[in-house]
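> Sharing a model prediction with you, sequence too.
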Amino acid sequence: QVQLEESGGGLVQAGASLRLSCAASGRTFSSYSMGWFRQAPGKEREFVGVISRSGENIYYADSVKGRFIISRDNIKNTGYLEMNSLKPEDTAVYYCSAAVEIYSDWLLYPYRGQGTQVTVSS
């Protein structure tokens, strides 16, 4: 079992930056890839990006590429989602998730956090 807890969400203005953290506990954090997803009101959950177990491979959705940066610290058992140049359309609940392999499908991640709200005002 892996428990995940996101933090760092909040209300910011367009153009600002925000960094989300995902603290993991339980089994060895470095054994899992970490995916980030988001869900805006009235929309389906959307893939944001994923980082491999070692951190060597990172993939992003086109909608955030060049603005968001995913990283991890396997010593601290924490993953990060740095969000820059935020837009109102980035407003959503952001979730981190963990799986042995890399996936872009939320349903394939057995371990998921509860989410943290990010609101970007115009």
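That came through fine. Residues are numbered from 1 along each chain as shown.
> low-confidence ranges in this structure?
Within the chain, no stretch has pLDDT under 70.
> Apart from its chain neighbours, what residue comes closest to residue 36?
In space, residue 36 comes closest to residue 48 once its chain neighbours are excluded; the distance is 4.1 Å by Cβ to Cβ, 6 or more residues apart in numbering. Glycine gets a C-beta too; all of them are placed from N, C-alpha and C.
> Could you look up the next helix or strand downstream of the helix or strand where that neighbour lies?
In this structure, residue 48 is located in strand 46-51 according to DSSP states H and E. Using DSSP H and E, the helix or strand that follows strand 46-51 towards the C-terminus is strand 58-60.
> Just the buried positions in the helix or strand following that next one, please.
Secondary structure here is assigned by DSSP H and E; on that basis, the next helix or strand after strand 58-60 toward the C-terminus is strand 68-73. Buried residues in strand 68-73, counted by 16 or more other Cβ atoms under 10 Å: 68-70, 72.
> From residue 122, how far out is the residue nearest the centre of the chain?
Nearest to the centroid of the C-alpha atoms of the chain, with distances taken as Cα atoms, centre = their mean, sits residue 36, at 2.9 Å. Counting by Cβ to Cβ, to the nearest Å, the gap from residue 36 to residue 122 is 23 Å.
> Residue 35 now?
For residue 35, the distance to residue 122 (Cβ to Cβ) stands at 28 Å.
> Please identify which of the two sits among more neighbours.
residue 35 (28 against 9; other Cβ atoms under 10 Å).
> How about the contacts made by the more buried one?
With contacts defined as Cβ atoms under 8 Å, 6 or more residues apart in numbering, the neighbours of residue 35 are 47-50, 96-99, 102-104, 106, 109.
> How about residue 117?
When contacts are counted by Cβ under 8 Å, 6+ apart, residue 117 touches 9-10, 92-94.
> Just put those residues in CSV and tack on secondary structure, neighbour count and distance to residue 40.
Written out in CSV, the entries for the contacts of residue 117 read as follows (DSSP: H, G, I helix; E, B strand; the rest coil; neighbours: other Cβ atoms under 10 Å; distance: Cβ to Cβ, whole Å):
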residue, secondary structure, neighbour count, distance to residue 40
9, coil, 17, 13
10, strand, 13, 16
92, strand, 22, 4
93, strand, 18, 8
94, strand, 23, 10
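> Cheers, nothing more for now.
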